[in-house]
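Student: Here is a sequence with its predicted model. Questions after.
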2 protein chains.
Amino acid sequence: MAMDKTRLDVLVEQMKKDGLDGLLMAPSEDMVFLIGSTPMMCERFQAMLITPDGDYCYICNLLYEGEVRNALGQDAKVYSWFDGDGFTPTVKKVFEQKGLIGKKVGVNVTVRAFNTYEISEAMDVTFVSARNLPNESRIFKSDEDLAGLRAVEVITGEAFAVVLPKIKPGITEADVRDMLFEEMAARGGYKQWAIIASGPNGSYPHYHGSERVLQKGDSVVIDFGCVLNKLCSDCTRTIFLGQPSDKQKEVYEIVKRAQAAGCAAAREGAFIPDIDKAARDIIIEAGYGQYFTTRVGHGIGYQIHEAPDIKQSNHRNLERRMAFSIEPGIYITGEFGVRIEDIVFVDGDGETQVLSTQHKDMIVVDC
Amino acid sequence: MAMDKTRLDVLVEQMKKDGLDGLLMAPSEDMVFLIGSTPMMCERFQAMLITPDGDYCYICNLLYEGEVRNALGQDAKVYSWFDGDGFTPTVKKVFEQKGLIGKKVGVNVTVRAFNTYEISEAMDVTFVSARNLPNESRIFKSDEDLAGLRAVEVITGEAFAVVLPKIKPGITEADVRDMLFEEMAARGGYKQWAIIASGPNGSYPHYHGSERVLQKGDSVVIDFGCVLNKLCSDCTRTIFLGQPSDKQKEVYEIVKRAQAAGCAAAREGAFIPDIDKAARDIIIEAGYGQYFTTRVGHGIGYQIHEAPDIKQSNHRNLERRMAFSIEPGIYITGEFGVRIEDIVFVDGDGETQVLSTQHKDMIVVDC
């Protein structure tokens, strides 16, 4: 676990393009990508500070100093502050040393606003959003990354296949989640997560309850994943407990067609808004446009959500080595939801590969 | 689950005192305290906006709208934005309606900096840290809260008592964690968390690994807790596997005396830095001052860490109904660590109550 110099070089080149004099990066998947691990973050300010000359140092509370040195190497530049003193004097000392007073510093997505406003009160520095910078530096996956994404989708699919026969009315959403967690863990998958949204809960795309008891007649949106060798999986299937209603059947088939259209449009060189449109148009034409409230997909890799977003406002073209989800859905508040999601990548030869190992035909649990 | 008007009133009074024209509150324990729940937060901007007239609304991505209405009530003012459009136009519309252009808006601790800098690029508004504002509004616990804090410490202590006889060389830190999780869950405790730091890992106060196999001769710092009826527990005991060395014994007894001195100093009316000093002086006098790298304690309640911090720079006096930890430690990098932590509160009659149910004498596991 130490600084990956190749990745740092790419990041620094992007910083220069963006005209930044510095970048503050708080603990995050951005940091895992760069140094192989990330310290725990509590309310105490901590961040790595990177400058365009390729130099970097770490500012943290004294209590994290040992851990940070362990991650960055014993000779790393670590500036620690003590609870009794507060953090801004240390930040000021470092910013002065680095010549950042009066300059423009980007913040990655996990830096907390209250910290940067406290810094701004103590010294003259201009902060700007560097939301996309670390994302841009890892938007193109290596062959090893692509193999890793495939591997983690395989164990995720296996977990689904093992758990599926155990899903039935009477168990809770939490039970489904826990069974998936166990099966992913048994295959080496860590940081497991799941959205299990049954019946009306399925109408919330990011539902995060877990207590509802599954009932006959439910659709169950099962969106889950884990991390294997630092790469993330993300898979959604929607199943039905007992024979679905005509409306549920209709909605499922529309989403399935939309998802296939999104995958088909995801070709090297495609304008990304057109991929969104390919999936969305099918749902709109079927009269359900108002119930498709999200983007079509998101990039994936070291984070579950990273670049490129597959949405209308992302005006760029799909390139080789980009990996992302295609996951249209229909969410009818108070009734039910359907979402189908695959991870897709455009490989080094420009071929589109769909990673998910589970079929997308309607699954009806006999009960 | 809806807005707690009494708590909102207290918050709004504090906002006025702080001279804020608005407060942005992202999903957090601050929000749980106010409305009883908190939506999931992803990279999409969302926050509640509260103004000093007591009015509030919620800005979120369309995909969270149903969930937010469910939490706040169907007639709540929810302004949602769509992935395809970005979030700043919606924020601008709301800020204009609320008369916040050119004004000063506080941010709670979970608002992300990149979001607020993107807002500042799109409109004229001054953000400031409102780190302490929600904390201040809940620093004084109700009798019900105090009973809840006691209840969650009881189940946490029970979990420790059940797991302790199962801790032995050969199992991993993760095994200890999982057993504690299981016992806390069996007693209704959710959101379980634990730091199990054995041997040299004990020298990192916020160690967050879990893979080390416990060995004879280890000290094991066991810092853990959970949530019961929305209130948090936090307890640390350090145990020894096999007969401790003279140095381990010495360090343990020093920390034990320091912890007792901190508890004894925690009386109604005490100047908070003096509580820190009471514990710290014992460690300094014993020659281990450089190894006590943290504050003595932190407030607790709806968050594991909230006001009041027990540290030198918190220049206020201890009042009735404050609840906090007393947790001195000695952390010798590369060797071992010892921490002992109790939750303490000053009750409505001005009496200091130590909530932890487990004794603090040295525990030596025979092996």
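Tutor: That came through fine.

Student: Next secondary structure after the strand or helix carrying residue A:258?
Tutor: Remark: residue A:258 resides in helix A:246-265, with elements defined by DSSP states H and E. Under the assignment DSSP H and E, the closest C-terminal helix or strand after helix A:246-265 is helix A:272-285.

Student: in that following helix, what counts as buried?
Tutor: A:272, A:273, A:275, A:276, A:277, A:278, A:279, A:280, A:282, A:283 (16 or more other C-beta atoms under 10 Å in any protein chain shown). Placement of C-beta: from N, CA and C, glycine included.

Student: swap in stretch A:308-321?
Tutor: The neighbour-count check on stretch A:308-321 (16+ other C-beta under 10 Å) flags A:308, A:309, A:310, A:311, A:312, A:314, A:318, A:321 as buried.

Student: Could I get the full set of strands for the stretch 201-350 of chain A?
Tutor: Along the stretch 201-350 of chain A, counting by DSSP state E, counting those that start in this stretch, strands occupy A:219-228, A:231-232, A:235-241, A:297-299, A:306-310, A:323-326, A:329-332, A:336-339, A:342-346.

Student: If you average the pLDDT over the shortest one, what comes out?
Tutor: Going back to what we said before, that points to strand A:231-232. In this model, strand A:231-232 has a mean pLDDT of 95.

Student: cool, and the third one?
Tutor: Model confidence over strand A:235-241, given as mean pLDDT, is 98.

Student: Chain B contacts on the stretch 101-250 of chain A?
Tutor: Residues of the stretch 101-250 of chain A lying close to chain B (C-beta under 8 Å from any C-beta of the partner chain) are A:107-118, A:121, A:127-131, A:203-208.

Student: So which of those are in strands?
Tutor: Those of these mapping onto strands are A:107, A:127, A:128, A:129, per DSSP state E.

Student: And the nearest residue to the last one once chain neighbours are set aside, how far from residue A:127?
Tutor: By that I understand residue A:129. Once flanking residues are discounted, residue A:129 sits nearest to residue B:114: 3.8 Å by C-beta to C-beta, 6 or more residues apart in numbering or on different chains. Residue B:114 sits 9 Å away from residue A:127, going by C-beta to C-beta, to the nearest Å.

Student: swap in residue A:15?
Tutor: 14 Å.

Student: and what of residue A:270?
Tutor: Applying C-beta to C-beta, the value for residue A:270 to residue A:127 is 35 Å.

Student: and if you look at residue A:56?
Tutor: Counting by C-beta to C-beta, the separation of residue A:56 from residue A:127 is 18 Å.

Student: How about residue A:133?
Tutor: Residue A:133 sits 13 Å away from residue A:127, going by C-beta to C-beta.

Student: residues bridging contact with these two, i.e. touching both?
Tutor: Overlap of the contact sets of residue A:133 and residue A:127 (by C-beta atoms under 8 Å, 6 or more residues apart in numbering or on different chains) consists of residue A:106.

Student: Show me just the buried residues among the residues of the stretch 101-250 of chain A next to chain B.
Tutor: Among those, those buried by neighbour count (16+ other C-beta under 10 Å) are A:107-118, A:127-131, A:203-208.

Student: give the contact list for residue A:40.
Tutor: Contact analysis of residue A:40 by C-beta under 8 Å, 6+ apart lists A:27, A:64, A:67, B:206, B:208.

Student: meant to ask about residue A:322, not that
Tutor: Residue A:322 neighbours (C-beta under 8 Å, 6+ apart): A:139, A:140, A:141, A:299, A:308, A:345, A:346.

Student: Distance-wise, check the fourth one relative to chain B.
Tutor: Pointing back at residue A:299 there. Distance check for residue A:299 against chain B: by C-beta to the nearest C-beta, to the nearest Å, it reads 11 Å.

Student: Kindly report the same for the third one.
Tutor: With distances taken as C-beta to the nearest C-beta, residue A:141 is found 19 Å from chain B.

Student: Equivalent analysis for the second one, please.
Tutor: In this structure, residue A:140 and chain B are 20 Å apart, going by C-beta to the nearest C-beta.

Student: Who are the contact partners of that residue?
Tutor: Contact analysis of residue A:140 by C-beta under 8 Å, 6+ apart lists A:319, A:320, A:321, A:322.

Student: Dump these to CSV, plus pLDDT.
Tutor: Listed next are those as CSV, based on pLDDT from 0 to 100:
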residue, pLDDT
A:319, 97
A:320, 97
A:321, 97
A:322, 97
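
Student: between those, which is closest to residue B:48?
Tutor: Set against residue B:48, the nearest of the contacts of residue A:140 by C-beta to C-beta is residue A:322 (35.2 Å).

Student: From chain B, how far off is the closest one?
Tutor: Distance from residue A:322 to chain B, by C-beta to the nearest C-beta: 18 Å.

Student: do residue A:7 as well
Tutor: Relative to chain B, and taking C-beta to the nearest C-beta, residue A:7 is found at 20 Å.

Student: what about that residue, how many neighbours?
Tutor: When counting by other C-beta atoms under 10 Å in any protein chain shown, one arrives at 15 neighbours for residue A:7.

Student: Find the nearest non-adjacent residue to it, please.
Tutor: Counting by C-beta to C-beta, 6+ apart, the nearest residue to residue A:7 once its immediate chain neighbours are dropped is residue A:34, at 5.5 Å.

Student: again with residue A:303
Tutor: Residue A:303's closest residue in space is residue A:29 (C-beta to C-beta, 6+ apart), at 3.9 Å.

Student: close enough to count as contact, that neighbour and residue A:302?
Tutor: Yes. Look at residue A:29 against residue A:302 with C-beta atoms under 8 Å: they come within range, at 4.9 Å.

Student: Run the angle between whichever strand or helix holds residue A:146 and strand A:342-346 for me.
Tutor: Using DSSP H and E, residue A:146 sits in helix A:143-163. With axes from the mean of the first three to the mean of the last three C-alpha atoms, to 10 degrees defining the directions, helix A:143-163 sits at 160 degrees from strand A:342-346.

Student: Which of the residues in the next helix or strand after helix A:143-163 are classified as buried?
Tutor: Scanning forward in sequence from helix A:143-163 by DSSP H and E, the next helix or strand is helix A:173-186. Within helix A:173-186, the residues scored as buried using 16+ other C-beta under 10 Å are A:173, A:175, A:176, A:177, A:178, A:179, A:180, A:181, A:183, A:184.

Student: can you list contacts of helix A:173-186?
Tutor: Contacts for helix A:173-186 (C-beta under 8 Å, 6+ apart): A:155-156, A:158-160, A:162-163, A:166-167, A:192, A:194, A:196-198, A:201, A:209-212, A:214, A:220, A:222, A:224, A:226.

Student: Give me the buried subset of those.
Tutor: Neighbour counting by 16+ other C-beta under 10 Å classes A:155-156, A:158-160, A:162-163, A:167, A:192, A:194, A:196-198, A:201, A:209-210, A:212, A:214, A:220, A:222, A:224, A:226 among the contacts of helix A:173-186 as buried.

Student: what about chain A, any weak spots by pLDDT?
Tutor: By pLDDT under 70, the low-scoring segments of chain A are A:1.

Student: how is it carved up into domains?
Tutor: A:5-136, A:143-365 (automatic domain parsing).

Student: what distance separates the start and the end of the first one?
Tutor: Which is domain A:5-136. 16 Å (C-alpha to C-alpha, to the nearest Å).

Student: How about stretch A:194-202?
Tutor: End residues of stretch A:194-202 are separated by 13 Å (C-alpha to C-alpha).

Student: Distance from the chain centre to it, please.
Tutor: Its chain's C-alpha centre and that of stretch A:194-202 lie 19 Å apart, by C-alpha atoms, centre = their mean, to the nearest Å.

Student: got it, and stretch A:289-297?
Tutor: 18 Å.

Student: go on, stretch A:40-59?
Tutor: 22 Å.

Student: Next, the buried residues of it.
Tutor: Buried residues in stretch A:40-59, counted by 16+ other C-beta under 10 Å: A:41, A:43-51, A:56-59.
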